[in-house]
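[1] Next comes the sequence, and after it the predicted model I'd like to discuss.
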Amino acid sequence: MIGIVDYGVGNLFSVQKAFERIGVDAFVSSSIDELKRADGLILPGVGAFKDAMQRLHAQQLVPFLTEYIQERPLLGICLGMQLLFEESEENGLTKGLGFLPGRVVRIPNQTTEGEKVKVPHMGWNALKVASFAPDFQWVNRQYVYFVHSYYVQTDVPALLVATATYEVAIPSIVQKGNVTGMQFHPEKSGEVGQTLLKRFVQSCVRERTCDDISTLSSY
């Protein structure tokens with residue numbers, strides 16, 4: 001069972017519908033008692049970084065998520081991915097969840113030659129997958145759907161499973177341990193997005209199976 005974290009920020013039910021399309025049970029909830037029973041969690045989001053973090057703090061979700069990722073997978077989508085990082089410059093400097101190292105900054109509105117760049121980055125763009133990520137090579141050069149004005153800057157290239165080019169290199173899939181982020185919207189990215197969600201679910205099942213085995217072996 002997949003839990004979708006409801007903290008009052010956008011596109012919750014479109015994500016839930018995406019899981020329904022691939023035959024996976026998913027529920028939307030703001031209840032920590034309910035969310036802690038999920039095999040994996042989705043942190044969605046459309047909107048402003050500062051407002052999102054205020055809502056997460058108000059609902060006591062920050063300490064819960066911090067504990068949750070020690071044992072089970074979490075997938076952040078769009079704004080949800082940005083929240084995984086240390087801080088954002090959007091509407092003043094705001095601290096994020098800090099699960100991954102990096103800062104969220106605005107996409108530049110002009111090229112180095114002074115030509116205008118349309119912001120937000122909206123529409124289909126191709127992914128370039130890093131050579132160190134064999135499990136994701138199938139998605140190399142595949143197109144996915146983006147809508148965002150800010151992007152992540154990080155000094156840790158090992159996080160960058162895939163990027164897309166929009167004047168700058170946009171971190172598009174990031175991963176470390178149980179934490180994964182997708183800057184694009186898999187729920188709006190057709191079969192490619194559906195397959196990515198299926199693979200996330202498979203990772204949740206593997207994680208839970210391992211937990212069950214370790215629990216049994218401790219008796």
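    Noted; the coordinates are in hand.
[2] got the contact list for the residue nearest in space to the middle of the chain?
    For the chain, Gly76 is the residue whose C-alpha lies nearest the centre (CA atoms, centre = their mean; 2.2 Å). Residues near Gly76 by CB atoms under 8 Å, 6 or more residues apart in numbering: Ile42, Leu43, Gly45, Gln82, Leu83, Leu84, Val179, Thr180, Gly181, Met182. Using the backbone N, CA and C atoms, a C-beta is placed for each residue, glycine as well.
[3] And those residues, which is closest to Gly96?
    The nearest member of the contacts of Gly76 to Gly96, counting by CB to CB, is Leu83 at 5.2 Å.
[4] Pop out the phi and psi values for the closest one.
    phi -60, psi -20 (degrees, to the nearest 10).
[5] my guess is it meets Ala52, correct?
    Yes. Leu83 lies in contact with Ala52 (CB atoms under 8 Å); the separation is 5.9 Å.
[6] circling back to that earlier point, could I have the CA atoms of the helix or strand harbouring the residue nearest to the centre of the chain written out in CSV?
    Under the criterion of DSSP states H and E, Gly76 resides in strand 74-77. Provided in CSV are the C-alpha atoms of strand 74-77 (Å, rounded to 0.1, in the frame of the first residue of the first chain):
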residue,chain,number,x,y,z
LEU,A,74,10.0,8.0,0.0
LEU,A,75,9.4,9.6,-3.4
GLY,A,76,9.2,13.3,-3.8
ILE,A,77,7.5,14.7,-6.9
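[7] Run the chain-centre distance for the longest strand seen in the chain.
    If each strand of the chain is counted by residues according to DSSP state E, the longest one is strand 168-176. Centre-to-centre, strand 168-176 and its host chain are 10 Å apart (CA atoms, centre = their mean, to the nearest Å).
[8] Give the buried residues for that strand.
    Buried residues in strand 168-176, counted by 16 or more other CB atoms under 10 Å: Val168, Ile170, Pro171, Ser172, Ile173, Val174, Gln175, Lys176.
[9] With stretch 29-42 instead?
    Of the residues in stretch 29-42, Ser29, Ile32, Leu35, Ala38, Asp39, Gly40, Leu41, Ile42 count as buried by neighbour count, 16+ other CB under 10 Å.
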